[in-house]
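1. need a structure here:
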Amino acid sequence: MAPKAVPAAAATFFGAYLLLQTGLPLLCLTEGKACPFGWTMYAGRSNRAEIAVLWTGGEETPLADLQKRHGKPVILSKKVDKTRFVAPGICRQYPEAAAIRIRYPRSGSEEIYRCGS
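-> Numbering: from 1, shown residues only. The predicted model follows:
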């Protein structure tokens, strides 16, 4: 290679490398899921349940707010069946609760557990 061709080839390689290193992860971000070689390659997106207490008066309070207010932090594993175990426990703890709403934002599914049922 001629001496001037080396810097041009290096600049072309460097530009293509930077484009690949930033362009592919940006495309992955638009897909909304983890993908190979993206910034979210190992992270993924959680389908953590959003739990809210529906009161007899019609108000709704997220479980996280109740935990902060009453100082009862609870860490719920993904493996715990929220409808079978968590919702009845919340109903026992808060007798004035009418129902528990369990929503999974990523999948869009939602369950309502009626207290007293």
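2. what's the model's confidence in the longest helix that the chain contains, averaged?
-> Secondary structure of the chain per DSSP state H: the longest helix is helix 5-31. Averaged across helix 5-31, the pLDDT comes to 83.
3. buried stuff in it?
-> The neighbour-count check on helix 5-31 (16 or more other C-beta atoms under 10 Å) flags residue 28 as buried. In short, each C-beta sits where N, CA and C put it, glycine included.
4. Only C-alpha atoms, please: export whichever helix or strand comes after it in CSV.
-> The element immediately downstream of helix 5-31 (helix or strand, assigned by DSSP states H and E) is strand 50-55. The C-alpha coordinates for strand 50-55 follow below in CSV (Å, rounded to 0.1, in the frame of the first residue of the first chain):
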residue,chain,number,x,y,z
GLU,A,50,-47.2,-3.8,39.4
ILE,A,51,-49.5,-4.5,42.3
ALA,A,52,-52.1,-2.0,43.5
VAL,A,53,-54.7,-2.1,46.2
LEU,A,54,-58.2,-1.1,45.2
TRP,A,55,-60.1,0.2,48.3
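5. Just give me how far the next helix or strand after strand 50-55 sits from the chain centre.
-> Following strand 50-55 in sequence order, the next helix or strand is strand 60-62 (DSSP H and E). Remark: strand 60-62 is offset 18 Å from the chain centroid, using C-alpha atoms, centre = their mean, to the nearest Å.
6. Strand 60-62 - which strands sit beside it in the sheet, and in what orientation?
-> Using DSSP bridges, strand 60-62 pairs in its sheet with strand 50-55 (antiparallel).
7. how about the partner strand: buried residues?
-> 51, 52, 53, 54.
8. how near is the nearest residue to residue 91 once chain neighbours are set aside to residue 99?
-> Once flanking residues are discounted, residue 91 sits nearest to residue 115: 3.7 Å by C-beta to C-beta, 6 or more residues apart in numbering. Look at residue 115 and residue 99: by C-beta to C-beta, to the nearest Å, they are 6 Å apart.
9. ok so, going back, and the buried residues of strand 50-55 as TSV, adding pLDDT?
-> Formatted as TSV, the buried residues of strand 50-55 follow (pLDDT from 0 to 100):
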residue	pLDDT
51	90
52	93
53	93
54	94
